[in-house]
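> Predicted model and sequence follow; I will ask about them next.
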Amino acid sequence: MHENADNKPTALITGAFGGIGKSICEAFFEAGYRVIGVDRKDAGELPYEVLRFDISRLGWDDAARQSFYARVEELCQGRLDALVNNAAIQIVKPIEGITLSDWTETLDTNLLAPFWLIQRFLPLLRVAKGCAVNIASIHAIVTKSDFTVYATSKGALVSLTRALAIELAPDVRVNAIIPAATDTPMLRAGFGDNLDGLQQLGEYHPLRRIARPEEVAKVALFLADPQNSFMTGTAVNVDGGIGACLHDPVVTR
């Protein structure tokens, strides 16, 4: 394994081309990290390294998994300070339409891949006294109809965060972020031409808007900072207050 010649802190970030993932990569890169992004899509040249890989394969594709791990280790150059588990899929269906493949793909991506990555790179994280940051979702604590698969996976990810924080202390810190609706291409695509609906979504939040991706990214960078090393096992809400908001069916004033 090559040594990190410039001794830069290193961050491995999954879902690197998503709206939040791209902002996380940019935030860590601008903060001086050696960034290794991972995504199943290809988005062209960037000032940091990005590996094209579908992390849902980590649990069942032995050859692909070993090749991916070897490439990550080569790029890490013996150092890994932060692992940001951001990649996720969101399947929205009524319970009658949910299939076994829906559960398998969702859990493989949203829950098991973060576990496999933490487990595999634990030795490097321990040497660096590093951290893992899991990007969960407001659906981990409050949800709505048709989000059963996604909400379950994100709730389990928060539980995994707490469990690993206890088991890996004091060497490695593990925290989660719980974002609410965030202004990403995926979210906007879901609304199509319905800009009024997007505006209404923002108005539901006590802060009267949805999050910007860079706001989530800055919290991930904060949690990874060694100066904040007394934080572990926590889930930080970046939700505009909606997680604390009770929506009654009838509003009286």
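Thanks, I have the structure now.
> dump the residue contacts of the residue nearest to the spatial centre of the chain.
In the chain, the residue lying closest to the centroid (Cα atoms, centre = their mean) is Asn86, at 2.0 Å. By Cβ atoms under 8 Å, 6 or more residues apart in numbering, the contact list for Asn86 reads Ile13, Thr14, Gly15, Ala16, Gly18, Ile20, Gly21, Ile24, Ile135, Ala220. Heads up, the C-betas are built off the backbone N, CA and C, glycines and all.
> thought the fifth one was touching Met186?
Read it as Gly18. Yes. Using Cβ atoms under 8 Å, Gly18 is in contact with Met186, at 6.8 Å.
> Please compare the two by neighbour count and tell me which comes out ahead.
More neighbours surround Gly18 than the other of Gly18 and Met186, with 22 against 12 (other Cβ atoms under 10 Å).
> So what does the more buried one look like in phi/psi?
Note on Gly18: its backbone torsions stand at phi -70, psi 170 [degrees, to the nearest 10].
> what's the distance between it and Asn85?
Distance of Gly18 to Asn85, given as Cβ to Cβ, to the nearest Å: 12 Å.
> May I see the ChimeraX selection of the buried members of the contacts of Asn86?
Burial among the contacts of Asn86 is assessed by 16 or more other Cβ atoms under 10 Å; the matching ChimeraX selection reads:
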select :13,14,15,16,18,20,21,24,135,220
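> okay if I get the contacts of Asn86 as CSV plus pLDDT and secondary structure?
Below are the contacts of Asn86 laid out as CSV (pLDDT from 0 to 100; DSSP: H, G, I helix; E, B strand; the rest coil):
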residue, pLDDT, secondary structure
Ile13, 98, strand
Thr14, 98, strand
Gly15, 97, coil
Ala16, 96, coil
Gly18, 92, coil
Ile20, 97, helix
Gly21, 97, helix
Ile24, 98, helix
Ile135, 98, strand
Ala220, 98, helix
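> Would you format the contacts of Asn86 as CSV with distance to Leu58 included?
As requested, the contacts of Asn86 are exported to CSV (distance: Cβ to Cβ, whole Å):
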residue, distance to Leu58
Ile13, 15
Thr14, 10
Gly15, 14
Ala16, 16
Gly18, 18
Ile20, 20
Gly21, 17
Ile24, 20
Ile135, 17
Ala220, 21
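> of the contacts of Asn86, closest to Glu45?
When those are compared for distance to Glu45 (Cβ to Cβ), Ala16 wins out at 13.0 Å.
> how far away is that closest one from Glu73?
18 Å.
> ok, now Ile242?
Taken as Cβ to Cβ, the span from Ile242 to Glu73 is 40 Å.
> cool, Gly202 as well?
42 Å.
> Would you mind confirming that Ser153 is in contact with Asp108?
No. With contacts counted by Cβ under 8 Å, Ser153 stays clear of Asp108, the gap being 9.6 Å.
> From the chain's centroid, how far away is stretch 13-25?
Stretch 13-25 sits 8 Å away from the centroid of its parent chain (Cα atoms, centre = their mean, to the nearest Å).
> same thing with stretch 219-227?
14 Å.
> Only alpha carbons, please: show it as CSV.
The C-alpha coordinates for stretch 219-227 follow below in CSV (Å, rounded to 0.1, in the frame of the first residue of the first chain):
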residue,chain,number,x,y,z
VAL,A,219,-22.8,19.6,8.9
ALA,A,220,-21.1,16.5,7.5
LEU,A,221,-17.8,18.4,7.5
PHE,A,222,-18.4,19.6,11.0
LEU,A,223,-19.0,16.1,12.3
ALA,A,224,-15.8,14.9,10.6
ASP,A,225,-13.7,17.7,12.2
PRO,A,226,-11.4,16.3,14.9
GLN,A,227,-12.1,19.5,16.9
